[in-house]
Structures are given as structure tokens and as C-alpha cells.
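>>> turn this into a model:
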Amino acid sequence: MELLSCFAIESEEEQDQWEEIEVEASETDNSETIPNEIVNIMIDEDVSLLAAWRIYRKLSQYDVAEKAGLTQSAISQAERKESKPQRKTLERLAMIYDCKPSQLTL
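Numbers count the residues shown, from 1 in each chain. Below is the predicted model:
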């Protein structure tokens, strides 16, 4: 019955008309998702995607800079909303944030 209410189907006959299908991403689908928690931080705190990942991982700019072999100032600049960090920087940050580099850009 719970399934019925989820889809607003009123009878079992109507439910029987629906077929379950498996969905698989195609091999050419290179899109990455960004966790909802990260998006919420971006919106709630009005910060960039990079800053949201850092906040989500509970790290300071100084912590990230140390781990990435960069300066705190470089991290601050990379976290500006209009910033376009180099691929090498994104790869370092992805390792620190335990995500894929493609999840660090919109």
C-alpha cells in the first residue's frame, strides 16, 4: 500500500500496469553528481562549490592549503565564485575532499 500512495495509484489494477525497469548510466555519460549536502551549504552560506566541499569536510583553508602544498591565500582565491582553478589544483583538492575533480566544477 505504501507504494500505491507514493505514486498516487488508487488500485492494484493500476499498479499492475507499471513495470519496474533498471536504469543504467550509459558509457558516454560523464556527468557527476554533487551531493545534496554540498549544494545546501552553497545556498545556505552563499559560498562557491569549492568552499562548500571544504566546509562539508570540516576543514579550514589553512588545513587544505597544508594538505595541498599551497598557501592559504591560494585556497582563498580558488574558492572565489568567479575563480577557475587549474586542473592540477582541482585534482589535489579532489584527493583531499575525497571526490572526483569533475565534482568540483559546475
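>>> where does pLDDT dip in the protein?
By pLDDT under 70, the low-scoring segments of the chain are 1-10, 24-31.
>>> next up, the contacts around the most centrally placed residue in it.
Centroid-nearest residue in the chain, with Cα atoms, centre = their mean: I34, separated by 1.8 Å. Applying Cβ atoms under 8 Å, 6 or more residues apart in numbering to I34 gives the contacts 49, 103. C-beta coordinates here come from the backbone N, C-alpha and C atoms, glycine included.
>>> so it: helix, strand or coil?
Under DSSP: H, G, I helix; E, B strand; the rest coil, I34 falls in the coil class.
>>> going forward, begin numbering at 50 instead of 1
Shifting the count to begin at 50 puts that one at I83.
>>> and it, how far from N89?
10 Å (Cβ to Cβ, to the nearest Å).
>>> what's the answer for A123, then?
26 Å.
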